[in-house]
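A.B. asks: Show me the folded form of this:
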Amino acid sequence: MTTSVPVIVRLLASSVSVASRAGKIVRDVMSKGELGIIEKGKDDYQTEADRSAQRCIVASLSALYPKVNIIGEEDSPDNEGDVASDWLVSEADKEVLSLECPANLKGVKEEDIVVWVDPLDGTSEYTQGFLEHVTVLIGISVNEKPVAGVIHQPYYKTMMGTEKIMGRTIWGLQEAGVGGFTLAPPPDSLVITTTRSHSNPLVERALQVMNATQILRVGGAGYKVLQLLEGNASIYVFASPGCKKWDTCAPEAVLSAAGGKLTDILGNFYKYGAAESHPNKTGVLAAVNDELHSYALNRLPQELKDTLANK
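C.D. replies: Residues are numbered from 1 along each chain as shown. So this is what the prediction gives:
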């Protein structure tokens with residue numbers, strides 16, 4: 001990997017390759033049938049796939065970029081130790097390496113970067129067999145703002161000739177665009193995507209005021225944002241404090257690079273600095289463009305916003 005390429009572009013290129021390897025680990029754990037499920041809290045699970053995929057991602061990126069601050073969902077003493085040599089990825093995606101780095105990011109140093117890792121977004125769906133909802137998320141932030149991100153789908157199937165290829169990796173870089181898929185226009189009617197497994201009366205009330213023609217209930221923040229990017233939905237609403245920074249950093253970066261917008265329910269951007277608290281306490285509101293984001297923000301009653309802000 002040439003060091004003449006700005007570190008942000010190199011890190012994104014590495015993250016694309018690392019996420020793909022982590023996705024294979026996720027599939028391998030499932031195929032062995034020993035998920036090693038641990039309940040971290042109410043409706044909050046961790047599996048061997050979460051732990052192993054994170055070790056692969058953190059060890060690989062730490063070896064390549066030792067001064068980058070990496071924050072992973074599954075950080076714990078049990079998640080440290082030796083990492084299998086075939087989990088250490090040193091390759092970098094050639095297409096991403098050839099990108100023109102935005103001028104404002106060319107001078108960024110490793111120590112200016114915080115990487116947020118969700119090694120398996122959609123763990124509940126993973127354990128229940130909704131495998132298409134599962135993603136691996138690597139978000140890259142500078143000055144508390146997501147500037148690049150990777151969303152990998154371990155179970156996405158494509159055909160190359162007669163051969164079935166598993167997994168695809170989608171990426172985005174501020175001002176440089178997105179790759180790994182074809183960006184689609186939003187649906188003709190208002191379709192909203194929301195949580196499949198973490199609903200509550202507040203979430204349902206936020207949906208009712210939108211006047212949507214259809215509501216897609218799917219798992220994982222990464223997969224919900226993919227519904228926006230692929231033209232299946234136009235707005236993502238989640239009026240609950242259930243998400244964390246590692247859930248939204250990568251999706252926000254990719255969506256923003258595609259012309260979309262992700263904020264909290266109040267319309268404020270989350271900050272992704274190393275010192276920030278991990279929970280996204282005021283929910284998630286995302287849309288494929290500013291106009292639809294403003295529509296959704298204005299539809300939400302102030303009382304509902306205040307209720308969530310004071311939870």
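A.B. asks: Now stretch 100-110: average pLDDT?
C.D. replies: On average, the pLDDT along stretch 100-110 is 97.
A.B. asks: before we move on, what about stretch 51-67?
C.D. replies: Here stretch 51-67 scores 95 as its mean pLDDT.
A.B. asks: I'd like the distance from that stretch to the chain centre, please.
C.D. replies: Relative to the centre of its chain, stretch 51-67 is centred 17 Å away, using CA atoms, centre = their mean, to the nearest Å.
A.B. asks: mind listing what's buried in it?
C.D. replies: Within stretch 51-67, the residues that count as buried by 16 or more other CB atoms under 10 Å are 51-61, 64-65. The way it works is simple: take the backbone N, C-alpha and C, and place the C-beta from them, glycine included.
A.B. asks: before we move on, what about stretch 202-214?
C.D. replies: Under 16+ other CB under 10 Å, the buried positions of stretch 202-214 are 202, 203, 206, 207, 210, 212.
A.B. asks: isn't the first one right up against residue 306?
C.D. replies: No. Here residue 202 lies out of contact with residue 306, judged by CB atoms under 8 Å, at a distance of 11.4 Å.
A.B. asks: Remind me what the helix or strand hosting residue 54 packs against, helices and strands.
C.D. replies: Assigned by DSSP states H and E, residue 54 belongs to helix 48-64. Helices and strands in packing contact with helix 48-64 are listed as helix 7-32, strand 69-72, strand 113-121, strand 135-142; criterion 3 or more CB pairs under 8 Å, 6 or more residues apart in numbering; DSSP states H and E.
A.B. asks: In terms of pLDDT, where does residue 204 sit?
C.D. replies: 86.
A.B. asks: Just the C-alpha atoms of the helix or strand it falls within, please, in CSV.
C.D. replies: Per DSSP H and E: residue 204 is located in helix 201-208. Provided in CSV are the C-alpha atoms of helix 201-208 (Å, rounded to 0.1, in the frame of the first residue of the first chain):
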residue,chain,number,x,y,z
PRO,A,201,-45.2,2.9,22.1
LEU,A,202,-43.0,6.0,21.4
VAL,A,203,-41.5,4.4,18.3
GLU,A,204,-45.0,3.5,17.0
ARG,A,205,-46.4,7.0,17.7
ALA,A,206,-43.5,8.5,15.7
LEU,A,207,-44.4,6.3,12.8
GLN,A,208,-48.1,7.1,12.9
